[in-house]
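Colleague: Mind folding the following:
(2 chains)
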Amino acid sequence: MKKVGLYIHIPYCVSKCTYCSFISFAGLESTMQEYLSALKKEIVLSAKKYIDIEISTIYIGGGTPSYFIKNGILEIANCIKENFKLCDDVEFTAEANPNSMTQKKAEEFVKAGINRVSLGLQTANESLLKLLGRKHSVQNFIDDIAMLKNYGITNLSADIMLGLPTQIIGDVYSTLDLLLDQNIKHISAYGLMIEEGTLLEKSIRSGLLNECNEDLAVEMYDCTFKYLKKAGFNRYEVSNFAKYGFECKHNVNYWDRGEYIGLGVAAHSFVNGLRIENTSSLNDYITAINKGEFANINTTLVNEEDAKTEYIMLKLRKTEGFFIKDYNKIFNADFVKERISAIKKLKKFDLIEINESIKVRSEKFNVLNAIILELV
Amino acid sequence: MNDHQKYIRNFCIVAHIDHGKSTLADRLMEKTGAVSARNLTEQMLDNMDLERERGITIKLTPTRMFYTYEGQKYTLNLIDTPGHVDFTYEVSRSLAACEGAILIVDASQGVQAQTLANAYLAIDNNLEVIPVINKIDLPSADIENTKKEIEDIIGLDASNAPQISAKEGTNIEQVLQSIVKFVPAPKGNINAPLKALIFDSLYDNYRGAVCMIRVIDGEVKVGTKIKMMQTKIVYDVTEVGVFTPSEVPCEILRAGDVGYLSASIKNVSDTKVGDTITSAENPAPEALPGYKKVVPMVYSGIFPVDGSKYQDLKDALEKLKLNDSSLSYSPESSTALGFGFRCGFLGLLHMEIISERLEREFDLDLITTAPGVSYEIHKTNGDMIVVSNPTNLPSLTEIEYIGEPVVDLSIYTPPEYVGAIMDLCQDRRGNYNNMVYLDINRVKLNYEIPLNEIIYDFFDTLKSRSRGYASMDYEILGYKKSDLVRVDILLNGDACDALSLIVHKDKAYNRGRKIAEKLKDVIPRQMFEIPVQAVIGSKVIARETIKAMRKDVLAKCYGGDISRKHKLLEKQKEGKKRMRQVGSVEVPSEAFMSILKLDED
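Modeller: Residues are numbered from 1 along each chain as shown, chains lettered A, B, ... in the order given. Next comes the predicted model:
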């Protein structure tokens, strides 16, 4: 039986953050009940479609899963357990925001079997939180950590952002200090991307805010890497840092080009060589599912060339890169021969390490994309 | 028989850009019924998309109209003219085909630079110039003042000038009457041997090259054996006709007529604009005056962005050449840009038009290298070679000296801009020759100046320094010994041939520095530091550094959305493909063109 990851999307938030371009809605709470029942139907549908699989990780993301309707997460978890076969040591993550994490919610999470929570802190600077449109304080975050630990959830992760307008290196250090104080075992540190159509993009375009200077953003990333390394964290992926054994298995599966099923609005699946995309319209999703159909808008069979590109693009995000013999075996190819001129160039400028495996040099992760572009 | 000519009026319309030339032409056609209002696409005569878009006329399209005045039917032939210094010769040939010119002046703007230049060009060609005041419907129209300007500045009597609005069709009748009354009838000799002036030619897939002609003396019809007086080639006429404005065959074209003829002429270059067509059996003793061989003055390399499109580019150039005999090209290869062509143009506008037509009509993405001129290289061994591509310059030790083309530049300007213009000419290595006051408001300056200095931004700079009033013209004088050097550009130590250029020694440092600075801006940061150097031989004259890229990370893959990321990567890959590889450095196509605009900042 093959092992796959399972992703569930909860597209609701108390309000839209200024940088967010993901599929999440504020003010559509009235549709939550309908969405929940549709989700459960999709779980049943897909369990019928994918037989002979075992779920090794579950990740409920959003949006804000902690903001979802009362007992919604519990019902989803129960429905998954009733319809899919789960591994014994299943990693079960839910995302949460400090503003919506309550005692009741924590209780529900535990009942649901959730054993890992990823909290969106973003920064420990109150005025930066306001700039990002976050509806919580630093204290909310600290309180939530204590509460979750109280309920026995100790595998905790926090998201932070680097390269924010007006952010200084000191903000990064104080944020990291807070996380280390709270004994957080996993940290995702994302460089801010200014996405089109977001409030933040508008503010920058209109000159209200200035984008963070590129060199400063790089320095923030380097500081984060060095500081966390000293604190015993391993950067196992370009943006992810973990104490030994606390890596996010669900996400590692993405970067290993493993298989996963994605359910809910705008969710993506990758099973049997097919990449499948669900509609990002809440209405279309509910309508389709209620008709007993899947809500796919795109199904693509990945051809060999694209599969190779995906493999390189995803695997090189990981610090360990990949074994050349693995690549050669999977694609029945000769990686070095195939891409010799790119490899020579990257070697010449000391950007990669290559022996039995290929990996990006530790201090060159800030130009990862350019390196990947050479290779694909 | 001479009655035939008595009722013909051949005229053209000249004006400053945007003063309404094409709109008036449309109205005249509408009024005379040459084209019904319904069929009139706006500005009928500009039939190339590009022309319509830029609001300029490049190719000339003549039209025949009929107008009845005091009970007598007249044939009016309108010959449209292009309005740019690159095409001065074509304009002068069109004017030579007419007896009169309508000079349009915008009542809200008054006399402008091109109004003057065109008016004088028409007067020089002995045309009767009829001023017409246009745009009287505009609230800002100042008819009295415009009249005064026409009289004071140009020296034409404007008291009877028709006051019209071409846009609204007001007083168009008056223009037609003026043409009949004031434009002289042709005075050719119908019994003399055939003499017809070619003022344009075009290529037609079925008929071959078609000549647009004005018959001066004699007559021509199907079956006439004709001879081109320059090329001496003889043809049998297969068709003659007139423009209505679409081509309509007719039996005969006689002295005074404007029309076309085709004679199974394979090549447009055999129908040279300005040449005289005569009868092979009864040839005229001498050709019409004014023939000049049109030679390309500006050269640049044209390369497909996508190297595999070389053949497409070749086919496209072949097709354009059929219609445009002034375009010349030969294959060229560059280590940076691959295979392409070195093309010769009449001037910079011509170059822009050609590359734009290639991109638009043939759907090609092109890289155009900096325009240059051709040089005469006198070698130490006594040989002389002509080089238009800087890369082909022999090594310094083999060169005795280099000759560069120089021109006699005439600039017409109101006196208040003389100082600024003299500075400009000085700066461009011009040698002052002469200054004449043509009248109180107009000065003619003459400079001997290297062609290389005026081929690209000179005209624009001249316009901006004179607030648009100055106009210019030039004539090639020949080659003159000059102290020239080749500046090469090295990227990370590797020479980029497509960026090399030949400049005067005194300007090399400045030029080299500007190019290095510009390249620093347009070449994106890469994974390593890139020195950009300008060198003469082995001597570095300028250096800039493109710092290594510091940050290039894609956003996280959210919820397994890998296709979004993959697409982004593919897009970036596409972008990379469009880059040119110079050694280990990737150079965007824009970089090759950006050095054209060095002096704009």
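
Colleague: what about B:Arg543, neighbour count?
Modeller: Per other C-beta atoms under 10 Å in any protein chain shown, the neighbour tally for B:Arg543 reads 15. C-beta here means a position set from N, CA and C on the backbone, and glycine is covered the same way.

Colleague: ok, now A:Val138?
Modeller: Neighbours around A:Val138, by other C-beta under 10 Å: 17.

Colleague: thinking it is in contact with A:Ala124, fair?
Modeller: Yes: in this structure, A:Val138 is within contact of A:Ala124 by C-beta atoms under 8 Å, at 5.1 Å.

Colleague: what residues are shared contacts of those two?
Modeller: Common neighbours of A:Val138 and A:Ala124 are listed as A:Leu178 (criterion: C-beta atoms under 8 Å, 6 or more residues apart in numbering or on different chains).

Colleague: does stretch A:123-133 come close to chain B?
Modeller: No: for a cut-off given as C-beta under 8 Å from any C-beta of the partner chain, stretch A:123-133 has no contacts with chain B; the smallest distance is 15.7 Å.

Colleague: ok, and for that stretch, which residues are buried?
Modeller: Of the residues in stretch A:123-133, A:123-125, A:128-129, A:131-133 count as buried by neighbour count, 16 or more other C-beta atoms under 10 Å in any protein chain shown.

Colleague: And the residues you listed, which is closest to chain B?
Modeller: A:Leu132 (15.7 Å; C-beta to the nearest C-beta).

Colleague: Which pLDDT value goes with the closest one?
Modeller: Looking at A:Leu132, its pLDDT is 94.

Colleague: now it: how far from B:Ser328?
Modeller: Taking C-beta to C-beta, to the nearest Å as the measure, A:Leu132 and B:Ser328 are separated by 62 Å.

Colleague: go on, A:Met147?
Modeller: Separation of A:Met147 from B:Ser328 (C-beta to C-beta): 82 Å.

Colleague: just A:Ile153 next, same as before
Modeller: Counting by C-beta to C-beta, the gap from A:Ile153 to B:Ser328 is 79 Å.

Colleague: and B:Gly290, how many neighbours does it have?
Modeller: Number of residues near B:Gly290 (other C-beta under 10 Å) recorded here: 14.

Colleague: ok, now which ones touch it?
Modeller: Each residue near B:Gly290 by C-beta under 8 Å, 6+ apart is listed here: B:92-93, B:96, B:274.

Colleague: Most neighbours among these, which one is it?
Modeller: B:Arg93 (28 neighbours).

Colleague: Could you double-check that it lies in contact with B:Leu197?
Modeller: Yes: taking C-beta under 8 Å as the definition, B:Arg93 is a contact partner of B:Leu197 at 6.9 Å.

Colleague: Which neighbours do those two have in common?
Modeller: Contact criterion C-beta under 8 Å, 6+ apart; residues shared by B:Arg93 and B:Leu197: B:Gly274.

Colleague: Touching, B:Glu475 and B:Asp408? I think so.
Modeller: Yes: at 4.9 Å, B:Glu475 counts as touching B:Asp408 under the criterion of C-beta under 8 Å.

Colleague: So what would you say the end-to-end distance of stretch B:333-352 is?
Modeller: End-to-end distance for stretch B:333-352: 21 Å, by C-alpha to C-alpha, to the nearest Å.

Colleague: and that stretch, how far out from the chain's middle?
Modeller: Taking C-alpha atoms, centre = their mean, to the nearest Å, one finds the center of stretch B:333-352 at 16 Å from the center of the full chain.

Colleague: Only the buried residues of it, if you could.
Modeller: Within stretch B:333-352, the residues that count as buried by 16+ other C-beta under 10 Å are B:334, B:336-352.

Colleague: Which of the residues you listed fall in strands?
Modeller: Counting by DSSP state E, the part of the buried residues of stretch B:333-352 found in strands is B:334, B:338-345.

Colleague: and those, which two are the farthest apart?
Modeller: Maximum pairwise distance among those (C-beta to C-beta): 21.4 Å, between B:Gly338 and B:Phe345.

Colleague: Pretty sure B:Thr81 sits against B:Leu95.
Modeller: Yes: in this structure, B:Thr81 is within contact of B:Leu95 by C-beta under 8 Å, at 6.9 Å.

Colleague: anything in contact with each of the two?
Modeller: Contact criterion C-beta under 8 Å, 6+ apart; residues shared by B:Thr81 and B:Leu95: B:Cys12.

Colleague: Which strands or helices does the helix or strand where A:Ala307 lies pack on?
Modeller: Assigned by DSSP states H and E, A:Ala307 falls within helix A:304-315. Packing partners of helix A:304-315 (3 or more C-beta pairs under 8 Å, 6 or more residues apart in numbering or on different chains; DSSP states H and E): helix A:249-255, helix A:324-331, helix A:368-375, helix B:562-577.

Colleague: Please render those helices as TSV that adds distance to B:Tyr310 and mean pLDDT to the earlier fields.
Modeller: Listed next are these as TSV, based on distance: least, C-beta to C-beta, whole Å; pLDDT from 0 to 100:
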stretch	distance to B:Tyr310	mean pLDDT
helix A:249-255	42	95
helix A:324-331	33	96
helix A:368-375	26	91
helix B:562-577	16	83
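
Colleague: Nothing else from me, thank you.
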